[in-house]
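> sequence and predicted model, in that order:
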Amino acid sequence: MSYTKKDLITTSNLTKDEIYHFLNLAKEFKAVNNSDVKKAKSLYGKTTVNAFFENSTRTRTSFEIAAKRLGADAINFSSSQSSTKKGETLIDTINNIVAMKTDIVVVRHYSSGAAKFVAANTDAHVVNAGDGLNEHPSQALLDLFTILEHRGNLENLTVAIIGDIFHSRVARSNIYAMQTLGIKVKLFGPPMMLTGMEAFGCRICKTMQEALEDTDVIIMLRIQLERQDDEIAFPSVREYSNFFGLTRAKMKFAKDDVMILHPGPINRGVEINSDVADDPRYTHILNQVENGVAVRMAILHTLISNKQG
Amino acid sequence: MTTLIKNATIVNFNETKKANILIDGETIADITTDEPKADTVIDANGKLVMPGLIDMHVHFRDPGLEYKDDINSGSESAVAGGVTTCLPMANTNPINDNAVITRDMIAKAKARGLIDLLPIGAITKSMGGNKVVEMGDMINAGAVAFSDDGLPVASSDVMRYALEYSKHFGSFVINHSQDCSLCRGGHMNEGRVSAILGIKGMPREQEEIMVSRDLLLAKLTGGHIHIAHVSSEWSLKLIKQARDEGINVTCEVTPHHFTYTEDELMNYDTNFKMSPPLRTKSDVKAVREAIADGLVDVIVTDHAPHHDDEKFIEFDKAPFGILGLQTLIPLTLNLVRDGLISYEKMVELTSTNAAKMLNLKDKGVIAKGMLADLVIVDPDIEYIYDKNLNKSKSSNSPLIGKTLKGAAVKTIKSGKVVFDFPNVVA
C-alpha cells in the first residue's frame, strides 16, 4: 500500500505497509544512485526548499541531493540567513516560501511540534527533518532500511537504543516505527536522559550489559551537548563514556553479528569509541548516510506522487 | 429606580428557594413571595439567580498590555461570564506595586461601571522578589491582597516578611506556587505526555515544594497564605494537613484544572498551554474531590488573555495562559451535573467564600440589604462559544468554537443590568 498523506511528520501513524512502501521504494532509488547516471525524473519541474531553522549538515545535504537526483530545484536556507532573525514568525516565513510556488518544504526546527504546526498551516507538502526533541522520521526509515538491507528482513529483531534518549528525536521516531513492525526495543542511558521514557512501553535496561545482550542492532545516540545547557545534572563526558559509552571491552556482551548504527555526528570517545565505531564487523554508520539519500528520495517522490494522484 | 426579578429560583450558599427579588437603586430591597410594583420587571422563570460571581484571579493586562485585554474589555468579559467583582493580578506594565497604579486601575473600572475591580498588589517592588511593597498604602488605595503572580517569591525570608506585614494590615498573600529552580525550562507537566511530545516538563513537585514552604511560613508567622490555582494531588494533601493543624491557609482552583488533563496537549495546541500546567488524571480527580470535600475555598478563572499572534506559534515559544471568564459558569456547572457539588456549593465556591475572605460584607449572598450584584443563570442553554460571544480582545481559549451548556443570561451589577445573553429573554 502506498502512502497517501500530504506530509511526513511522524512515524507514529505509519502502518506496516506504509513503512515497507518507503523501504521498497528506497531500494529502487538506491539502485539509481549506484548507476552511472544518478538521475530520476519524478520531481522534474518541482521545487523543494530545505527550511532549516537549526544547524545541520548531513540531513540538509542528504535532502538536497535526494531532491536534485529526482530532478527538482532544491533550495536551502538556514535561520541565520532568514527573516526569523528579524522577528518574522515561523509560519510567515514558511508562507513566503510557499508563495514562491514551492512544492515541498523540508523543515528542521528546534521546537518540538514545529513541523506539525507548519504542515497544518500550509498547502505545501511538509517533511519533518527533525523538530526539537520530538521526531526525525526520515532517520528512522533510513535506519530500518539499513537493517533490512543488511539482514534481509525485519522479523524477530531486538534493538537497543542507548544514550541520550530524552533529547533524541531519532529515538522517538525509531521506537514508533519499530514497534509497528513488531521489533522489540530496549532503552538504556543515564536516568536524567530517560525521564518519562516508560511512556513508550519499551524495556528500560539497568546496565549496559543488559542492553547489549541478545540484541541484534545497537543504535548509539549522540549526547546532545548543545541541549544540555540548562541541565546541571550532567556530571561529565568522561564519566558518561565510562558508564554509557560503547567500548571494545563492552562489546563482549554483544552478539557477534550485532549491527551498530549511529545517527551522527559521532562524539568519538564519548558515546562510542573509535575502535568500535570504525570496526567494519559491526558498524554501518556510513551505510546509513548513503541510504539516507535513497530513503529521502522515496519520501519526496511519494509526496509528489500523492499530489499528482 | 426599582427592578423586580420575579419567579426567581434564588440559590444561596445555604439554601435554594423560589421568591421574587425587589431591587431599589443599588441594593436588594426585599426578598418576597409578593409581587410588588417596580419600574422594570424581569421574569426569571426556569432560571437560577445567584449572587454575582467574584473572580479572585484575573489578568486584565491594563496598564501596559492593553492589546491583549484592558480593564474595559476585561469588565465586559467578566459580566458576560456572570462575574461582577474581579481581582486583577499585579503583573501589569508597569507592575501594580504602588498606590498610584492601584488607584488608577480602580478609577478606570469605575468609569466603565460594569464591575467592582479590587486589585491585587505585587508582593515585592517590580516583582523583583527582594523588597516588600508599601502594603499599607496600597490597601488604603484599594488593593485587597498581594501576589507576585507568575514570579513566585523565591526568598523564604522575603515571603516571611510579606506574610507578617500583610497580616498586620488584615490582608493576605497569594503565591503562585512554583519552585522555579525545578522548572528546567519546562512548558508542560513532566510525565508521559511530555516524554512522548519531546517537550521539557515541569514536575508537580515544583508546585508541592513551594506549597510546603509557604505553609510552613504561614505556620511561623500566623499570616494568611492563599495558594493560587492548585493543580496537584500532593499540594492538596499538604493543604489539608496544614488546615487540619490550624494553619491559616486558603486555596483556589481553576475550571481548566478540574476539567482537562495533560492529554489535551497531544496536538501541541498552545491554547492548552498554561501555568501551572494541565496535569494527570489522578491530579484532576484529586482537584475534583477536594472541591467536593470542601477543601477548596474558591474557584477562579486565571483569565489570561494573549493575542492570537502570540499563541499561533511554536509550542515552546507560546506564552502560558488561557481565557476563562466566559467559560467559568458552564465548566463549573459540569461539577453540578456530575453530582460532585450542589448549586448551593457552586455559589459558595464562586461568590460567598470569596466575599468572606475579602471581607466584602455586602456581597456573596442574595438577601435584603445586600448589594444587588446578581447573575441569572440558565443551566441548560446550549450555544457555541464563538468569536461573536467572546468579549475579550483575545481568543486564546480551547473552547472557542465549541458547544457549551449553561451561561449567565443576565448580569446585574449594583442594580443595573450590565449584560444580556444575545437573544435570550430572562
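Received, thanks.
> all helices for the stretch 201-350 of chain B, in order.
Using DSSP state H, counting those that start in this stretch, the helices of the stretch 201-350 of chain B run over residues B:205-221, B:233-244, B:255-259, B:281-293, B:308-311, B:328-337, B:343-347.
> any stretches of the chain with poor pLDDT?
Answering for chain A, as no chain was given. Confidence mapping of chain A against pLDDT under 70 gives the ranges A:1, A:80-83, A:225-233, A:307-309.
> can you look at chain B instead?
Along chain B, the parts satisfying pLDDT under 70 run over B:425-426.
> now with 90?
Scanning chain B for pLDDT under 90 picks out B:181-185, B:423-426.
> got the residues of it near chain A?
Applying Cβ under 8 Å from any Cβ of the partner chain, we find that chain B lies next to chain A at B:184-185, B:190-201, B:267-268, B:309, B:312-317. Quick note: C-beta positions are derived from backbone N, CA and C, even for glycine.
> can you tell me which of those residues are in strands?
Cross-referencing these against strands under DSSP state E gives B:Gly201.
> format the helices of the stretch 201-350 of chain B as CSV; extra columns: mean neighbour count.
Shown next, in CSV, are those (neighbours: other Cβ atoms under 10 Å in any protein chain shown):
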stretch, mean neighbour count
helix B:205-221, 21
helix B:233-244, 19
helix B:255-259, 23
helix B:281-293, 18
helix B:308-311, 16
helix B:328-337, 21
helix B:343-347, 22
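> what sits against B:Ile101?
Contact analysis of B:Ile101 by Cβ atoms under 8 Å, 6 or more residues apart in numbering or on different chains lists B:63, B:92, B:94-95.
> looking at the chain, which residue reaches furthest from the middle?
With no chain named, the answer covers chain A. Relative to the C-alpha centroid of chain A, counting by Cα atoms, centre = their mean, A:Lys86 is the outermost residue, at 29.8 Å.
> so where does the residue nearest the centre of chain A fall, helix or strand?
In chain A, the centroid-proximal residue (Cα atoms, centre = their mean) is A:Gln139; its distance is 1.9 Å. Assigned by DSSP states H and E, A:Gln139 belongs to helix A:137-151.
> could you dump that helix to CSV, C-alpha only?
These are the backbone C-alpha positions of helix A:137-151, laid out as CSV (Å, rounded to 0.1, in the frame of the first residue of the first chain):
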residue,chain,number,x,y,z
PRO,A,137,11.1,10.2,10.7
SER,A,138,13.4,10.0,7.7
GLN,A,139,16.3,9.0,10.0
ALA,A,140,14.1,6.2,11.4
LEU,A,141,13.3,5.0,7.9
LEU,A,142,16.9,5.0,6.9
ASP,A,143,17.8,3.1,10.0
LEU,A,144,15.2,0.5,9.1
PHE,A,145,16.3,0.4,5.5
THR,A,146,19.9,-0.2,6.6
ILE,A,147,18.9,-3.0,8.9
LEU,A,148,16.7,-4.6,6.3
GLU,A,149,19.4,-4.3,3.7
HIS,A,150,22.0,-6.0,5.9
ARG,A,151,19.9,-8.6,7.5
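> buried ones in that helix, by neighbour count?
Buried positions in helix A:137-151, judged by neighbour count with 16 or more other Cβ atoms under 10 Å in any protein chain shown: A:137-149.
> and if you look at stretch A:198-207?
By neighbour count with 16+ other Cβ under 10 Å, stretch A:198-207 contains the buried residues A:200, A:202, A:204-205.
> of those, which ones also sit close to chain B?
Applying Cβ under 8 Å from any Cβ to the buried residues of stretch A:198-207, one finds that A:Phe200 fall near chain B.
> put together JSON lines for the buried residues of stretch A:198-207, with distance to A:Lys116 and secondary structure on each row.
JSON lines is the format used below for the buried residues of stretch A:198-207 (distance: Cβ to Cβ, whole Å; DSSP: H, G, I helix; E, B strand; the rest coil):
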{"residue": "A:Phe200", "distance to A:Lys116": "19", "secondary structure": "helix"}
{"residue": "A:Cys202", "distance to A:Lys116": "23", "secondary structure": "coil"}
{"residue": "A:Ile204", "distance to A:Lys116": "27", "secondary structure": "strand"}
{"residue": "A:Cys205", "distance to A:Lys116": "31", "secondary structure": "coil"}
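> now, which of the buried residues of stretch A:198-207 sits nearest chain B?
A:Phe200 (7.4 Å; Cβ to the nearest Cβ).
> ok, for the closest one, nearest residue in space, not its chain neighbours?
In this structure, A:Phe200 finds its nearest non-sequential neighbour in A:Ile175, 5.0 Å apart by Cβ to Cβ, 6 or more residues apart in numbering or on different chains.
> A strand includes that neighbour, no?
No - residue state for A:Ile175 (DSSP: H, G, I helix; E, B strand; the rest coil) corresponds to helix; a strand is not indicated.
> contacts only, for it.
Residues near A:Ile175 by Cβ under 8 Å, 6+ apart: A:161, A:185, A:200, A:202.
> quick check on the contacts of B:Ile101: which are buried?
For the contacts of B:Ile101, a burial check counting by 16+ other Cβ under 10 Å picks out B:63, B:92, B:95.
> okay, the residues you listed in JSON lines with distance to A:Arg238 and secondary structure next?
Formatted as JSON lines, the entries for these read as follows, by distance: Cβ to Cβ, whole Å; three-state DSSP:
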{"residue": "B:Pro63", "distance to A:Arg238": "53", "secondary structure": "coil"}
{"residue": "B:Thr92", "distance to A:Arg238": "49", "secondary structure": "coil"}
{"residue": "B:Ile95", "distance to A:Arg238": "46", "secondary structure": "coil"}
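> picking that back up, could you dump the contacts of A:Ile175 to a markdown table with distance to A:Asp17?
Below are these laid out as a markdown table (distance: Cβ to Cβ, whole Å):
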| residue | distance to A:Asp17 |
| --- | --- |
| A:Ile161 | 24 |
| A:Val185 | 20 |
| A:Phe200 | 22 |
| A:Cys202 | 23 |
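> could the helices of the stretch 201-350 of chain B go into TSV alongside distance to B:Ile412?
Below are these laid out as TSV (distance: least, Cβ to Cβ, whole Å):
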stretch	distance to B:Ile412
helix B:205-221	37
helix B:233-244	34
helix B:255-259	23
helix B:281-293	27
helix B:308-311	32
helix B:328-337	15
helix B:343-347	15
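> how about those, which one is nearest B:Lys273?
Among the helices of the stretch 201-350 of chain B, the nearest to B:Lys273 by Cβ to Cβ is helix B:308-311 (7.9 Å).
> what lies in contact with that closest one?
Applying Cβ under 8 Å, 6+ apart, the external contacts of helix B:308-311 come out as A:89, B:270-271, B:273, B:318-319, B:394-396.
> tell me which entries of those lie within strands.
Among those, none falls in strands (DSSP E).
> which of the helices or strands spans A:Ser62?
helix A:58-69.
> re the thing from before, wait, which of the helices of the stretch 201-350 of chain B is closest to B:His168?
Closest to B:His168 of the helices of the stretch 201-350 of chain B is helix B:205-221 (Cβ to Cβ; 10.2 Å).
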